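In: Sequence plus predicted model, see below.
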Amino acid sequence: MSQEPRDRPRETPPCVGFWRRELRRALGGALNVFAARMINLRSRGGWVTPLSLEAYRALPTPSPLDTTRLIVGRSNRERARLLETVLHGRGVPVTRAPFRTVEGAGVSFFAEAGAGPRVLLLAGHHDAVPGSPGANDNAAAVGILLALWERLAADPPRRLTVRFGFFGGEERGMLGSRVYARTAALGNLVGVVSLELCGIGDSLALWDVTPAVEATPLVRAWIASVEGLGYRRDETYHLAEPVPFFGSDHRPFADRGVPGVGLTAVPTASAEALRAFIYGGVRGILVPPARRPAPFTTYHTAADRPETLEPATLARVGTVLEALCRTLDAPGGGR
Ligand SMILES: [Zn+2]
């Protein structure tokens, strides 16, 4: 999850609007990385020791937490390299998509399950900000998506293709997903769900949900799926309006008219405090991490370690996403 300047209503021609937005994202990305570097300047101690690749490979069925423990606490280059190695090692047919722009370079990876004409894109970025081990933001999402790919590959959707996007450069103003959204064919996308901070909490929040987005097949299928699993609206699941100051990889798609939402796990006990923090204006953002509500206590800090994650939450997110895929795959699913 990256911080970005607040969106303004667009009144300018689309082309001018596009370049303004690109510039804002580029500046926001640079600021996001710089702010994390400053926050983490003095917190060198207590760095995590990641799981070695050998130890990971020795596990019979690595869990999302195991994948998280493999990736955390490493450079972004190393995170990408290990993710690619693991994807190949676990038999995932991977498309590698390196990108290089004036803002920076990186690599995104794509995998698919199912072969239907409609496409659901599930996104989870693999990069982290400097000075943070990047467990909840966002190695946990990578672990959840990898486990979900395995479940779907074993019993593939028939009317739907689920595309898994492991994006690079999210913390640099969603660079990887911006490049992809600019160049890929988007016409058959049902929507994009971007996983962010999916490892702490017992309820789920779908965010950037306007009334128009709520009416799309994507969000209607989401509601049917979570309610089918026993979640209750405004109690154990939340539809949150567009989030200021923070962004994720669904935004470049939403800019192009594709329904896009973020997905975050939230402790029910901090739901109200979170609402005040997220929608409380710039003052909320200036609150020091330790005094923020969970899961933002560890966000972009050296405390974003794998031991803060809750295995039940990682499993919960995987279950809900699988239900979403099955709902969209059902005849007339979500329509
Ligand atoms: Zn982030």
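Out: Nice, I can see it. Numbers count the residues shown, from 1 in each chain.
In: Where does the prediction get shaky in the chain?
Out: For the chain, the stretches flagged by pLDDT under 70 are 5-14, 44-46, 334-335.
In: For it, which segments count as strands?
Out: Secondary structure of the chain (DSSP state E): strands located at 2-3, 95-101, 104-113, 118-123, 160-166, 189-195, 203-207, 237-240, 246-247, 260-266.
In: could those strands go into JSON lines alongside mean neighbour count and distance to the ion?
Out: In this view, the C-beta of every residue, glycine as well, is placed from N, C-alpha and C. Output for those, formatted as JSON lines (neighbours: other CB atoms under 10 Å; distance: least, CB to the ion, whole Å):
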{"stretch": "strand 2-3", "mean neighbour count": "26", "distance to the ion": "5"}
{"stretch": "strand 95-101", "mean neighbour count": "14", "distance to the ion": "18"}
{"stretch": "strand 104-113", "mean neighbour count": "21", "distance to the ion": "14"}
{"stretch": "strand 118-123", "mean neighbour count": "25", "distance to the ion": "13"}
{"stretch": "strand 160-166", "mean neighbour count": "24", "distance to the ion": "15"}
{"stretch": "strand 189-195", "mean neighbour count": "26", "distance to the ion": "11"}
{"stretch": "strand 203-207", "mean neighbour count": "22", "distance to the ion": "14"}
{"stretch": "strand 237-240", "mean neighbour count": "20", "distance to the ion": "17"}
{"stretch": "strand 246-247", "mean neighbour count": "25", "distance to the ion": "8"}
{"stretch": "strand 260-266", "mean neighbour count": "27", "distance to the ion": "11"}
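In: Any idea which of these gets closest to Gly173?
Out: strand 2-3 (6.5 Å; CB to CB).
In: Neighbouring strands of the closest one in the sheet, and parallel or not?
Out: If you go by DSSP bridges, strand 2-3 pairs up with strand 246-247 (antiparallel).
In: from the chain's centre, how far out does the strand it pairs with sit?
Out: 11 Å (CA atoms, centre = their mean, to the nearest Å).
In: Close to the ion: what parts of this structure are there?
Out: When proximity is defined by CB under 5 Å from the ion, the chain lies next to the ion at Met1, Asp137.
In: State the distance from the spatially most central residue of the chain to Phe34.
Out: By CA atoms, centre = their mean, the chain has its centre lying nearest to Leu195, at 2.7 Å. Counting by CB to CB, to the nearest Å, the gap from Leu195 to Phe34 is 25 Å.
In: What is the neighbour count of the nearest residue to Gly284 once chain neighbours are set aside?
Out: Nearest non-adjacent residue to Gly284, counting by CB to CB, 6 or more residues apart in numbering: Phe277, 4.5 Å away. Neighbours of Phe277 under the rule other CB atoms under 10 Å: 17.
In: If the residue nearest to the centre of the chain is in a bridge, with which residues?
Out: Leu263.
In: Just grab the bridge partners of Arg163 for me.
Out: Applying DSSP bridges to Arg163 gives these bridge partners: Glu112, Leu121.
In: can you offset everything so residue one is 43?
Out: In the new numbering, first residue 43, that becomes Arg205.
In: Who are the contact partners of the residue nearest to Thr340 when sequence neighbours are not counted?
Out: Spatial nearest neighbour of Thr340, chain neighbours left out: Asp346 (4.3 Å); criterion: CB to CB, 6+ apart. By CB atoms under 8 Å, 6 or more residues apart in numbering, the contact set of Asp346 is Ala170, Ser174, Pro175, Gly176, Ala177, Asn178, Asp179, Thr340.
In: ok, so of those, who is nearest the ion?
Out: Asp179 (4.1 Å; CB to the ion).
In: for the residue nearest to Thr340, phi and psi?
Out: The phi/psi pair for Asp346 (degrees, to the nearest 10) reads phi -80, psi 70.
In: I am finished for the moment; much appreciated.
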